[in-house]
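Engineer: Here is the input, now give the coordinates:
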Amino acid sequence: MFIVSLSYIAPLEEIDAQLEHHVLWLKQCYADGLFLASGRKEPRTGGIILARGERHVLQQRLAQDPFALAGLARYDMTEFHPSMTAAGLEALQDSQAA
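Structural biologist: Below is the predicted model:
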């Protein structure tokens, strides 16, 4: 599983101009089963995506984000293996985690 931290490197006016396209891209990533959760940071300096799958696939998809294509955001990926979760989120646990 991955935590992707997006950090805006452009003014919010430029981010907002691409937001509709970014949301469509997000929806496609959810439909493809790659993303589990996403949302804005507070204060509004970027966003967070919780994703699953193969690192190279995720990297390819992040490169297709309209924010990336327009040079508006930087992406930092952290891979982790959840071994514990709150009740109801057991499906997120990694059977390989120790």
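Engineer: pLDDT below threshold where in this protein?
Structural biologist: Within the chain, the set of residues satisfying pLDDT under 70 comprises 95-98.
Engineer: is it true that residue 73 touches residue 63?
Structural biologist: No - checked against CB atoms under 8 Å, the pair residue 73 and residue 63 is beyond contact range at 11.4 Å. Heads up, the C-betas are built off the backbone N, CA and C, glycines and all.
Engineer: Neighbour count: those two, which is higher?
Structural biologist: Just comparing residue 73 and residue 63: by other CB atoms under 10 Å the higher neighbour count belongs to residue 73, 21 against 10.
Engineer: now for the top helix by length along the chain, which elements pack on it?
Structural biologist: Counting residues, the longest helix found in the chain (DSSP state H) is helix 12-31. If you count contacts as 3 or more CB pairs under 8 Å, 6 or more residues apart in numbering; DSSP states H and E, helix 12-31 packs onto strand 35-40, helix 66-69.
Engineer: of all the ones you listed, which lies closest to residue 20?
Structural biologist: helix 66-69 (8.8 Å; CB to CB).
Engineer: Mind giving me the packing neighbours of that closest one?
Structural biologist: For helix 66-69, the packing partners by 3+ CB pairs under 8 Å, 6+ apart come out as helix 12-31.
Engineer: List the buried residues of the helix it packs on.
Structural biologist: Residues 15, 18, 22, 25-26, 29 are the ones in helix 12-31 that count as buried (16 or more other CB atoms under 10 Å).
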